[in-house]
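Colleague: A structural model of the following input is requested.
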Amino acid sequence: MKDRNGLISKNGIVTVCDRVGQGLAQVKNIDSLKLRVSGFSRALMTIG
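Modeller: From the prediction side, this is the model:
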């Protein structure tokens, strides 16, 4: 079975690496979401 990089995944090592990468991407998305929410709440506090 080949992954998108054209490497043959043996023992699912490539799959694990892909999952770790996706997990890191989700963490970054959550961090940016937290920053947006905190910035939004600060804006509301300055208005009110």
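
Colleague: so how many other residues sit close to S38?
Modeller: 10 (other Cβ atoms under 10 Å). Bear in mind the C-beta positions are built from the backbone N, C-alpha and C, glycine included.

Colleague: Then it would be within a helix, right?
Modeller: Yes. Per DSSP: H, G, I helix; E, B strand; the rest coil, S38 lies within a helix segment.

Colleague: List the contacts of it.
Modeller: By Cβ atoms under 8 Å, 6 or more residues apart in numbering, S38 lies in contact with nothing.

Colleague: So it versus G21, what's the distance?
Modeller: When distance is defined by Cβ to Cβ, to the nearest Å, S38 is 26 Å away from G21.

Colleague: Could you point out which residue ranges in the chain have low pLDDT?
Modeller: Filtered on pLDDT under 70, the chain yields the residue ranges 1-14, 17, 48.

Colleague: Now do the helices in it.
Modeller: For the chain, the helices defined by DSSP state H cover 13-47.

Colleague: I47 versus I30, what's the distance?
Modeller: Using Cβ to Cβ, I30 is found at 26 Å from I47.

Colleague: Compare these two (neighbour count), which wins?
Modeller: Counting neighbours by other Cβ under 10 Å for I30 and for I47 shows that I30 has the greater number, 10 against 6.

Colleague: Quick check: the more buried one vs F40, distance?
Modeller: For I30, the distance to F40 (Cβ to Cβ) stands at 15 Å.

Colleague: Counting neighbours, what do you get for V37?
Modeller: By other Cβ under 10 Å, the residues close to V37 number 10.

Colleague: ok now do it, which residues does it touch?
Modeller: Neighbouring residues of V37 by Cβ under 8 Å, 6+ apart: there are none.

Colleague: Now do it against V16, distance only.
Modeller: Distance from V37 to V16, counting by Cβ to Cβ: 32 Å.

Colleague: Equivalent analysis for K34, please.
Modeller: With the distance defined as Cβ to Cβ, K34 ends up 27 Å from V16.

Colleague: go on, K28?
Modeller: Distance, K28 to V16, using Cβ to Cβ: 19 Å.
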